[in-house]
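# Pasting the sequence and the predicted coordinates here, then a few questions.
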Amino acid sequence: MEAINQRIGEILARVRSSKPLIHHITNLVVMNDTANVTLHVGGLPVMAHDAEEVAEMVAHAGALVLNVGTLSPSWVESMLIAGRRANELGIPIVLDPVGAGATLLRTKTNRSLLSSLQIAVVRGNSGEIGALSGTGGEVRGVESIIAPDNPAAAARLLARTYRTVVALTGARDIITDGARVFTVSNGHIWLTTLTGTGCMATTMVAAFAAVERDYLLAAAGALAMFGLAAELAAEKAHGPASFKVALFDQIYNLTPEQVAAGARVTEIAG
Amino acid sequence: MEAINQRIGEILARVRSSKPLIHHITNLVVMNDTANVTLHVGGLPVMAHDAEEVAEMVAHAGALVLNVGTLSPSWVESMLIAGRRANELGIPIVLDPVGAGATLLRTKTNRSLLSSLQIAVVRGNSGEIGALSGTGGEVRGVESIIAPDNPAAAARLLARTYRTVVALTGARDIITDGARVFTVSNGHIWLTTLTGTGCMATTMVAAFAAVERDYLLAAAGALAMFGLAAELAAEKAHGPASFKVALFDQIYNLTPEQVAAGARVTEIAG
Amino acid sequence: MEAINQRIGEILARVRSSKPLIHHITNLVVMNDTANVTLHVGGLPVMAHDAEEVAEMVAHAGALVLNVGTLSPSWVESMLIAGRRANELGIPIVLDPVGAGATLLRTKTNRSLLSSLQIAVVRGNSGEIGALSGTGGEVRGVESIIAPDNPAAAARLLARTYRTVVALTGARDIITDGARVFTVSNGHIWLTTLTGTGCMATTMVAAFAAVERDYLLAAAGALAMFGLAAELAAEKAHGPASFKVALFDQIYNLTPEQVAAGARVTEIAG
């Protein structure tokens, strides 16, 4: 794994040096947090959702985040416009299928985005990935309540169906392109006490994917760094809000060397 | 009051064990804060406002929050759809009439929601409750500038008119169903230096109402816990932002036993 | 400069004593932060964007903030309605042209607002001011990537074109009405690691402009105070998030005397 860790550190170094613009069309709850995470990891954030400007905006981006956390039809229309332009230009799209499985609209919208666009990475929890892959799992609101029986199989199936990378986050993250499977064991239980940590992870993945075309590695590396930041932050936390302050500080402070040293990424039999 | 305090602690314990989903259709300013407060007190938050999914989403919720802080017609329409479904299913609705009295649109919209739906609890400041009850008071923006002459009478009148519980928050909170009147003297002046503390209180009330059908007690208990968290947070505050971090940490850390011991709830002559 | 510093302290004292309502029609990313900054500096915030209520709401305001960070047509329409009413009533408007230059829509919308309304102060970064003045500069997303060759000349030109005050923020802030030019050298590099610090500065300017009709002085004073708060906050920062907590605490804690003593405002040859 040392070669992988080395490469993960290098990806972070490239994010920091090239400062990719990460165009978000995202939900109303986490906009401020994910804009800050983008800056702290080393990118430049922009949130823009109007149909008239999204194609022009995304053309300057290193990656596009589509997050349906508080979706409405006009926003989904803009996601499709921006997504098609991103596909034309070879700009990676990271989809966060927030609440897929919780309502018909969310399941339908995410499947439509997956069918209409070439998505580079889908980052979701086990319930969402289970619902989208049709292998079970249950989502209440935006939380995974019941995981599919075999999360790795659900992720692999979804990845194959849409020819994408699936990053399923949880106590142990599973990242797969349908063939190879990586797991990431960095992270901390405090992450479950805060809203938007899944969305933050998605933003981290987008920043890494903006500078690394091996999206499997980019996603694994971003999740390892996010989890590592959480581990260090937990040492200073007195509760979820002080944990959040420390988490954001750590995302900013972590060096490529520290990430290369602390990432716990493993390739498992597919 | 010991029996009441005991019951308040038990309500919190039930929130923690049953993790009710709290569906918010709320304003754009506080979404992140109220999602976090929902998690910290022990529930699961979801923010969803599209007309196509709100009826389906609310069906899985323990309570529905309607908050008009940044209202627009399409959102109010969704509030009515979600609210009617909640009423059919017996799911309590907590209304936060942000800025009622400040503009005609806000006063009108809140009265319309109160007339069209069976609201379990209205949580507002004295200016808002005064404006809705027609007993005076003045609101500038979203802040109570002039309280009605007799806040308790204003709250009782509003509660009777719409057969609801009114929770009027301020230096001393007043909670009434139109007959019985409780006061809560927990709280701290730092709460007035932060935006969205009223909305946070509303979310706390919704989490308690999701697991306790005595809405008078649920509202009083939630406000006592919120005020108690503020008192403890104030000890660590160097200004409003460090107060906010400590407040959120405390909401998470407070145990049912601590809340039962620290709540200052009094029943006064109606 | 002692006379200027004295006047700046007095402006802050007036904000604190009169608590002006600052009506924001602003972007979805920073609403919570700018509402809090409004409260901490001494004003009352309200965020309201519906066409039906903005004219009524702004009539009670001390200043109106128009911020196009996440613009859409219906919001721009509300900006024009609120802005026209503000102009009729002599209420100062502060425009934040977020991302002007990044897309055609943003450049066009900001020019349209500048042409249609009498704007008291435009607060932007060097790329935005360069783009609006037509003197060069480049914006990626919402960040200034390349400044115009002569930022002060760009600011003066824009100020003259639209008969407004331009406050260009950066390592050294430049404030001009097209004739006189002030610079502010307060500030800290940490401000560049956080999202929304430009928007926060705009809100500070609006609070000062609400109580001081010399908008050149109001803008310079507000930016000096914001920069001074950042300098003090930096002493307690371990990263961008702990810096943000300290920054907000400092905005609240700074006294008129401290601001008068610490402001570094200089008038330079125009």
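Looks like it came in fine. Computed from a predicted model, the values in this text were never measured in an experiment. Residues are numbered from 1 along each chain as shown, chains lettered A, B, ... in the order given.

# burial measure for whichever residue of the stretch 151-270 of chain A sits closest to chain C, as a count.
Nearest residue of the stretch 151-270 of chain A to chain C: residue A:249, at 2.6 Å (C-beta to the nearest C-beta). C-betas here are computed from N, CA, C, even on glycine. Neighbour count of residue A:249, defined by other C-beta atoms under 10 Å in any protein chain shown: 23.

# Please apply the same query to the one 3 residues further on.
The burial count assigned to residue A:252 is 21, neighbours taken as other C-beta under 10 Å.

# mean confidence for stretch A:123-132?
Averaging pLDDT along stretch A:123-132 gives 96.

# Would you mind pulling the contact partners of it?
A:94-101, A:107, A:110-111, A:114, A:122, A:136-139, A:143-148, A:151, A:154-155, A:158, A:166-170, A:198, A:201-202, A:205, A:219 (C-beta atoms under 8 Å, 6 or more residues apart in numbering or on different chains).

# can you tell me which of those are in strands?
Secondary structure defined by DSSP state E assigns A:94-96, A:122, A:138-139, A:143-146, A:166-169 of the contacts of stretch A:123-132 to strands.

# which pair in these spans the largest distance?
A:94 and A:146 (25.2 Å; C-beta to C-beta).

# before we move on, the earlier item: now neighbour count and distance to residue A:242 too, for the ones in strands among the contacts of stretch A:123-132, in CSV please.
Shown next, in CSV, are these (neighbours: other C-beta atoms under 10 Å in any protein chain shown; distance: C-beta to C-beta, whole Å):
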residue, neighbour count, distance to residue A:242
A:94, 32, 29
A:95, 28, 31
A:96, 31, 26
A:122, 31, 32
A:138, 16, 32
A:139, 27, 29
A:143, 20, 22
A:144, 24, 25
A:145, 18, 28
A:146, 14, 31
A:166, 31, 33
A:167, 30, 27
A:168, 31, 28
A:169, 27, 22
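
# ok, those residues vs residue B:69, which is closest?
residue A:143 (24.4 Å).

# which residues does that closest one contact?
Contacts of residue A:143 by C-beta under 8 Å, 6+ apart are A:125, A:127, B:44.

# For residue A:127, which non-adjacent residue is closest in space?
residue A:144 (3.1 Å; C-beta to C-beta, 6 or more residues apart in numbering or on different chains).

# what does residue A:213 give?
Residue A:213's closest residue in space is residue A:92 (C-beta to C-beta, 6+ apart), at 7.9 Å.

# For burial, what's the neighbour tally of the one you found?
For residue A:92, using other C-beta under 10 Å, the count is 26.

# quick one: it and residue A:121 touch, right?
Yes - using C-beta atoms under 8 Å, residue A:92 makes contact with residue A:121 at a distance of 7.2 Å.

# quick one: common contacting residues for the two?
A:206, A:209, A:215.

# Out of those, grab the one that's most surrounded.
residue A:206 leads the shared contacts of residue A:92 and residue A:121 on contacts (other C-beta under 10 Å) with 36 neighbours.

# any idea which helix or strand carries the residue of the stretch 151-270 of chain A closest to chain C?
Using DSSP states H and E, residue A:249 sits within helix A:240-253.

# For that helix, buried residues please.
A:240-252 (16 or more other C-beta atoms under 10 Å in any protein chain shown).

# And stretch A:259-266, by the same measure?
A:259-260, A:262-265.

# What of stretch A:96-108?
Result for stretch A:96-108 [16+ other C-beta under 10 Å]: buried residues A:96-103, A:105-107.

# Contacts for stretch A:53-63, please.
A:18, A:20-23, A:25, A:43, A:46, A:48, A:64, A:78, A:81-82, A:84-86, A:89, A:91-94, A:120, A:206-207, A:209-211, C:102-106, C:140-141.

# from the buried residues of stretch A:259-266, which single one is nearest residue C:9?
Among those, and counting by C-beta to C-beta, the member closest to residue C:9 is residue A:259, at 46.1 Å.

# Can you name the element that comes right after the helix or strand containing that closest one?
Following DSSP H and E, one finds residue A:259 within helix A:256-262. Following helix A:256-262 in sequence order, the next helix or strand is strand A:265-268 (DSSP H and E).

# packing partners for that following strand?
If you count contacts as 3 or more C-beta pairs under 8 Å, 6 or more residues apart in numbering or on different chains; DSSP states H and E, strand A:265-268 packs onto helix A:2-18, strand A:181-184, helix A:215-234.

# what's the closest of those to residue B:14?
Closest among the helices and strands packed on strand A:265-268, using C-beta to C-beta: helix A:215-234, at 28.1 Å.

# quick one: is that closest one near chain B?
No - Helix A:215-234 is not in contact with chain B by C-beta under 8 Å from any C-beta of the partner chain; minimum separation 13.0 Å.

# Which pLDDT value goes with the closest residue to chain B within chain A?
Per C-beta to the nearest C-beta, residue A:239 is where chain A lies closest to chain B, at 2.6 Å. On pLDDT, residue A:239 comes in at 98.

# That one is in contact with residue B:248, isn't it?
Yes - counting by C-beta under 8 Å, residue A:239 touches residue B:248, with 6.6 Å between them.

# which neighbours do the two share?
Going by C-beta under 8 Å, 6+ apart, residues that sit against residue A:239 and also against residue B:248 are residue B:40.

# before we move on, the earlier item: for the helix holding residue A:259, C-alpha coordinates in CSV please.
This file holds the C-alpha atoms of helix A:256-262, laid out as CSV (Å, rounded to 0.1, in the frame of the first residue of the first chain):
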residue,chain,number,x,y,z
PRO,A,256,0.5,15.7,1.7
GLU,A,257,3.2,14.0,3.8
GLN,A,258,0.8,13.5,6.8
VAL,A,259,-1.9,12.2,4.5
ALA,A,260,0.5,9.8,2.8
ALA,A,261,1.5,8.6,6.3
GLY,A,262,-1.9,8.3,7.8
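
# Which elements pack onto that helix?
By 3+ C-beta pairs under 8 Å, 6+ apart, helix A:256-262 packs against helix A:2-18, helix A:215-234.

# Now do the last one and helix A:240-253, the angle between them.
Orientation of helix A:215-234 against helix A:240-253 (axes from the mean of the first three to the mean of the last three C-alpha atoms, to 10 degrees) gives an angle of 130 degrees.

# Name the residues of the stretch 101-250 of chain A found near chain B, please.
Counting by C-beta under 8 Å from any C-beta, the stretch 101-250 of chain A sits next to chain B at A:102-106, A:140-143, A:193-196, A:238-242, A:245.

# how about stretch A:195-204, does it reach chain C?
No - using C-beta under 8 Å from any C-beta, stretch A:195-204 never reaches chain C; the gap is at least 11.7 Å.

# How far off centre is that stretch?
6 Å (C-alpha atoms, centre = their mean, to the nearest Å).

# What's the mean pLDDT across that stretch?
98.

# For it, which outside residues touch it?
A:22, A:24, A:26-27, A:29-30, A:33-34, A:37-38, A:41, A:45, A:65, A:67, A:69, A:94, A:96, A:98, A:123-125, A:142, A:167, A:169, A:191, A:222-223, A:225-226, A:251, B:32, B:35-36, B:38-39, B:45.

# ok, now stretch A:100-110?
A:68, A:71, A:76, A:95, A:97-99, A:124, A:127-128, A:130-132, A:137-142, B:46, B:48, B:50, B:52-53, B:56-57, B:60.

# circling back: taking the contacts of stretch A:53-63 one by one, which sit in helices?
A:18, A:78, A:81-82, A:84-86, A:89, A:206-207, A:209, C:104-106 (DSSP state H).

# Find the pair from those residues with maximum spatial separation.
Within the ones in helices among the contacts of stretch A:53-63, A:209 and C:104 form the most distant pair, 27.2 Å apart (C-beta to C-beta).

# and the closest residue in space to residue A:69 that isn't next to it in sequence, what does it touch?
In space, and not counting its chain neighbours, residue A:69 is closest to residue A:27: 2.7 Å by C-beta to C-beta, 6+ apart. Applying C-beta under 8 Å, 6+ apart to residue A:27 gives the contacts A:67-71, A:98, A:199, B:47.

# Go again with 7 Å.
A:67, A:69-70, A:98 (C-beta atoms under 7 Å, 6 or more residues apart in numbering or on different chains).
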